[in-house]
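Dropping the sequence and predicted coords here.
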Amino acid sequence: MADNSENKVEPPSRQYPDPAVKLKKEVGTTGHSWDGIEEYDNPMPRWWVWIFIITIIWSVGYWVAYPAWPGIQSATSGVLGYSSRADVANELAEFEARNESFFVALVDTDLEDIRADDELQRFAVNAGGSVFRAQCSQCHGTGGAGVQASGFPNLLDDDWLWGGTMEDIHETIRYGIRNEDYPEARWSEMPAFGQDGLLDDEEIDQVVNYVLSLSGSDHDSALADAGAENFEINCASCHGDGGEGDYFIGAPALNNQVWLYGGSPEAIRHSIYYSRFGVMPGFANRLRDAEIRAVAAYVHQLGGGQ
Ligand code: HEC
Ligand code: HEC
């Protein structure tokens, strides 16, 4: 075997320079040194610098065009005159302008004719529903079912104190009931028969049983018979001979099972002994007439409208 060691070609030397040394030479350092750790002085990437410059130019344009610098009273307004508040006001105005024709029509249309106009009625019920939720539901309940036996009447049924036509309902809402705010408020006052000594305890017991008998509720017939005369003398003028009630003075019907303050003997006794005097505020000063008409239409269509 030939010794060809002489022909052997040595590979070229791979003596690369230490990369760290090379970088150090080209870039240089900022001269800062912390415990021997030095900081290279690399330039920012070009693309980054350009974006940075563009954002600065953009922001200057933005300051000029839009509200930007806060002052003591308000911010600089910008040459475009933009304001988010004005934006909202515009949107609201647009919305109101769209509804305005309906509000005008509501006021111009006879109360009884509103429901004949499908589109107007739909608008009235929607607008009235939102008025109802904001102004009425705390007393009458979100759905208008009232709060049973606590004097807030159910508005879903066809049992009315003051009448269930559009005119009646509108009037009730406009001026309210037994309040001091409107001289036109609906008004009536049942005497406090016990407290004021108009009837003694025995007579009241008799009349309670007579009232119970009017609606076919459980009662003592002997006491009821004895109470008939006192009912006719003291009560029939408001509640009617048969207890049918009277819209004109807001006297509830006593001949059905719908009770404003409760139909138990105790609740009825309380009504007669102390009287109740339910109060509702009027809305003539708080709502536009169109809104009152809308909420009247809403109440009217809840189920009991006449
Ligand atoms: C502070 C409580 C209260 C608020 C708020 C209130 N009501 Fe009343 N409402 C009453 C009371 C109490 C009565 C019954 C008064 C009575 O005994 O005659 C009543 C009676 C009524 C009646 C008469 C019902 C009938 O059988 O004749 C209507 C209709 C009515 N309310 C509608 C409304 C509408 C609509 C609103 C909102 C715009 C409203 N109420 C807001 C307390 C309230
Ligand atoms: C001046 C008219 C008037 C007279 C007289 C009167 N009432 Fe009333 N009564 C009312 C009114 C109005 C109410 C509605 C309650 C209120 O004040 O909020 C009422 C309510 C009642 C209630 C409560 C009804 C319910 O649904 O909870 C009973 C019961 C009642 N009266 C019985 C009588 C009896 C019995 C007499 C006679 C002894 C009598 N009333 C005399 C006007 C009258």
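Sure, I can see it. Ligands and ions are numbered 1, 2, ... in the order given.

How about Leu287: what's its closest non-neighbour residue?
In this structure, Leu287 finds its nearest non-sequential neighbour in Val131, 6.6 Å apart by C-beta to C-beta, 6 or more residues apart in numbering. Quick note: C-beta positions are derived from backbone N, CA and C, even for glycine.

which residues touch the one you found?
For Val131, the contact set (C-beta atoms under 8 Å, 6 or more residues apart in numbering) comprises 287, 291, 294-295, 298.

can you do 10 Å?
Applying C-beta atoms under 10 Å, 6 or more residues apart in numbering, we find Val131 in contact with 173, 283, 287-288, 290-292, 294-296, 298.

any idea how far the closest residue to Asp220 other than its chain neighbours is from Gly263?
In this structure, Asp220 finds its nearest non-sequential neighbour in Asn209, 5.0 Å apart by C-beta to C-beta, 6+ apart. For Asn209, the distance to Gly263 equals 13 Å [C-beta to C-beta, to the nearest Å].

what does Gln301 give?
Gln301 is 27 Å from Gly263, by C-beta to C-beta.

Among the two, which residue is more densely surrounded?
More crowded of Gln301 and Gly263, by other C-beta atoms under 10 Å: Gly263, with 18 against 15.

where does that one land on pLDDT?
Predicted confidence (pLDDT) for Gly263: 93.

Now for it: which residues touch it?
148-149, 211-212, 215, 217, 254, 256-257.

which ones among those are found in helices?
211-212 (DSSP state H).

Buried residues in stretch 275-290, which are they?
276, 280-284, 287, 290 (16 or more other C-beta atoms under 10 Å).

likewise stretch 187-196?
For stretch 187-196, burial by neighbour count (16+ other C-beta under 10 Å) applies to 190, 192-194.

got TSV for these, with secondary structure too?
Output for those, formatted as TSV (DSSP: H, G, I helix; E, B strand; the rest coil):
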residue	secondary structure
Met190	coil
Ala192	coil
Phe193	coil
Gly194	coil
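
Just the closest of these to ligand 1, please.
Nearest to ligand 1 among the buried residues of stretch 187-196 is Met190, at 9.7 Å by C-beta to the nearest ligand atom.

picking up where we left off before, in the contacts of Val131, find the pair that's most separated.
Distance extremes for the contacts of Val131: the farthest pair is Arg288 and Tyr298 at 14.8 Å, using C-beta to C-beta.

follow-up on the earlier one: pLDDT added to the buried residues of stretch 275-290, as CSV?
Below are the buried residues of stretch 275-290 laid out as CSV (pLDDT from 0 to 100):
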residue, pLDDT
Arg276, 95
Met280, 97
Pro281, 97
Gly282, 97
Phe283, 97
Ala284, 96
Leu287, 96
Ala290, 94
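
possible to save those as JSON lines with distance to ligand 2 and secondary structure?
Shown next, in JSON lines, are the buried residues of stretch 275-290 (distance: C-beta to the nearest ligand atom, whole Å; DSSP: H, G, I helix; E, B strand; the rest coil):
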{"residue": "Arg276", "distance to ligand 2": "4", "secondary structure": "coil"}
{"residue": "Met280", "distance to ligand 2": "10", "secondary structure": "strand"}
{"residue": "Pro281", "distance to ligand 2": "14", "secondary structure": "coil"}
{"residue": "Gly282", "distance to ligand 2": "16", "secondary structure": "coil"}
{"residue": "Phe283", "distance to ligand 2": "19", "secondary structure": "coil"}
{"residue": "Ala284", "distance to ligand 2": "21", "secondary structure": "coil"}
{"residue": "Leu287", "distance to ligand 2": "23", "secondary structure": "coil"}
{"residue": "Ala290", "distance to ligand 2": "29", "secondary structure": "helix"}
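
Intersect the residues you listed with the contacts of ligand 1.
The subset of the buried residues of stretch 275-290 within reach of ligand 1, by C-beta under 6 Å from any ligand atom, is 280-281, 283.
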